[in-house]
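Visitor: How does the following fold in three dimensions:
(one chain, ligands or ions: 1)
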Amino acid sequence: MADAHKLWANKWALITGASAGIGWALAEQLAAGGAHLVLTARRTDRLRKLATDLSSRHGVKTEIFGADLARAEAPGEIQAFTTEKGIEVELLVNNAGFGAFGYTHELAVERMLEMVQVNCSAVVHLTRLFLPAMVARRHGGVLIVASVASFQAVPFISAYAATKAFDLLFAEGVAEEVRPFGVRVCALCPGSTNTEFKDVAHQPDRAFRSAETAEKVARVGLEGLAAGKSCVISGAKNRIMTQAERIAPRRFVTKMAAKMMRSAEP
Ligand SMILES: NC(=O)c1ccc[n+]([C@@H]2O[C@H](COP(=O)([O-])OP(=O)(O)OC[C@H]3O[C@@H](n4cnc5c(N)ncnc54)[C@H](OP(=O)(O)O)[C@@H]3O)[C@@H](O)[C@H]2O)c1
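Guide: Model (predicted):
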């Protein structure tokens, strides 16, 4: 669907994690389609630059709000900001997230709990805050960035993969709840994507050899949402892999993943 990004023209979209990678690409594409944007992340210098650029190139309205989603209060503060500005959020993009590579028994516990907060709790919280108005309006959308790691256990990023399984199942469940009210919910499942993710996660480059671009992944997500899908996987190879995993014994799949991730160790 070539015009998927135009579905939100003249409507407000709120994007978490808009300061880099997939979130940045989604902001670019939504602005090109005429959507007004609320951009949020911690690095407000980047958000300011992006907002100014998108407003001048596409003539859309933009607002930025600095928030650390590892803080439990952040989703409420984001919603309060939109209410104060009189902004009706028609599309919520839960994109912010990060991973952590390594032995679970060695990773810093604070980092892992932050990951659960950002990747899961904040997603539930923001969705719960913005969904009622969408249901009442009988129009709206929620895009949740999950992963191909949502479909299986992945040793050495075990906690991260589990957060992404949570995101996928949350999105698919809510999608069926609100479909009768005209609200679309879609889980976008990218495979390895060329962003800052691998540096933040301290994940070796090897695992990202055939990575897709953030632009391609963003386009697939907006197309999936426009088509009313509750889940969309970016990349043919990734789609085949997730299908194959379904028929193979789970323990086998996890062992293979362990082998692959172990060989990716720095
Ligand atoms: N890249 C991949 O291979 C891949 C594959 C599958 C799924 N994903 C998912 O795609 C999503 C986007 O990741 P990406 O690849 O675009 O990575 P990225 O380039 O590292 O971008 C991550 C974004 O999340 C934001 N973020 C991280 N921690 C945050 C926090 N505590 N509070 C607020 N914002 C925070 C970052 O902004 P600030 O640092 O400015 O706060 C940044 O804008 C994530 O949910 C990730 O799990 C990525």
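
Visitor: can you give me the strands for the stretch 1-150 of the chain?
Guide: Per DSSP state E, counting those that start in this stretch, the stretch 1-150 of the chain carries strands over the ranges 12-16, 36-41, 62-66, 89-94, 140-145.

Visitor: Direction included, what does the first one pair up with?
Guide: Each strand that strand 12-16 pairs with, and the sense of that pairing, follows from DSSP bridges: strand 36-41 (parallel), strand 89-94 (parallel).

Visitor: Run the angle between the first one and strand 62-66 for me.
Guide: If I follow you right, that is strand 36-41. Strand 36-41 runs at 20 degrees relative to strand 62-66, counting by axes from the mean of the first three to the mean of the last three CA atoms, to 10 degrees.

Visitor: can you give me the mean pLDDT across strand 36-41?
Guide: For strand 36-41, mean pLDDT rounds to 98.

Visitor: how much distance is there from it to the middle of the chain?
Guide: Averaging C-alpha positions (CA atoms, centre = their mean, to the nearest Å) puts strand 36-41 14 Å from its chain's average.

Visitor: same thing with stretch 68-78?
Guide: Centroid separation for stretch 68-78 versus its chain: 16 Å, with CA atoms, centre = their mean.

Visitor: Now do the same for residue 5: its pLDDT.
Guide: The model's pLDDT for residue 5 equals 79.

Visitor: Can you get me a residue count around the closest residue to it other than its chain neighbours?
Guide: With CB to CB, 6 or more residues apart in numbering as the criterion, residue 5 has its nearest non-adjacent residue at 3.4 Å, and that residue is residue 33. In this view, the C-beta of every residue, glycine as well, is placed from N, C-alpha and C. Close neighbours of residue 33, defined as other CB atoms under 10 Å, add up to 20.

Visitor: ok, residue 33 - contacts?
Guide: When contacts are counted by CB atoms under 8 Å, 6 or more residues apart in numbering, residue 33 is found next to 3, 4, 5, 6, 7, 8, 9, 222.

Visitor: and it, what pLDDT?
Guide: pLDDT, residue 33: 97.

Visitor: Equivalent analysis for residue 242, please.
Guide: On pLDDT, residue 242 comes in at 94.

Visitor: got the buried residues for the helix or strand where it lies?
Guide: Using DSSP states H and E, the element containing residue 242 is helix 236-247. Neighbour-count burial for helix 236-247 flags 238, 241, 242, 245 (criterion: 16 or more other CB atoms under 10 Å).

Visitor: Distance to residue 257 for the residues you listed - can I get that in JSON lines?
Guide: Output for these, formatted as JSON lines (distance: CB to CB, whole Å):
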{"residue": "238", "distance to residue 257": "14"}
{"residue": "241", "distance to residue 257": "11"}
{"residue": "242", "distance to residue 257": "12"}
{"residue": "245", "distance to residue 257": "9"}
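
Visitor: Nearest to the ligand among those residues?
Guide: residue 238 (9.4 Å; CB to the nearest ligand atom).

Visitor: I'd say that closest one and residue 188 touch.
Guide: No - between residue 238 and residue 188 there is no contact under CB atoms under 8 Å: 11.5 Å.

Visitor: Enumerate the residues of the stretch 1-150 of the chain near the ligand.
Guide: With CB under 6 Å from any ligand atom as the criterion, the stretch 1-150 of the chain meets the ligand at residues 17-23, 41-43, 68-70, 95-98, 118, 145, 147.

Visitor: excluding its backbone neighbours, what's nearest residue 168?
Guide: Spatial nearest neighbour of residue 168, excluding adjacent residues (CB to CB, 6+ apart): residue 150 at 3.7 Å.

Visitor: what's the neighbour count on that neighbour?
Guide: Using other CB under 10 Å, residue 150 has 23 neighbouring residues.

Visitor: Provide the contact partners of the helix ranked longest in the chain at residue level.
Guide: Ranked by residue count under DSSP state H, the longest helix found in the chain is helix 158-178. The contact list for helix 158-178 (CB under 8 Å, 6+ apart) reads 94, 97-100, 104, 107, 112, 115-116, 119-120, 123-124, 127, 131, 134-135, 142, 144-147, 149-154, 184-187, 189, 201, 230-231.

Visitor: what do you get if the cut-off is 6 Å, keeping everything else the same?
Guide: With contact meaning CB atoms under 6 Å, 6 or more residues apart in numbering, helix 158-178 is reached by 99, 104, 112, 119-120, 123, 135, 144, 146-147, 149-150, 154, 185, 187, 230-231.
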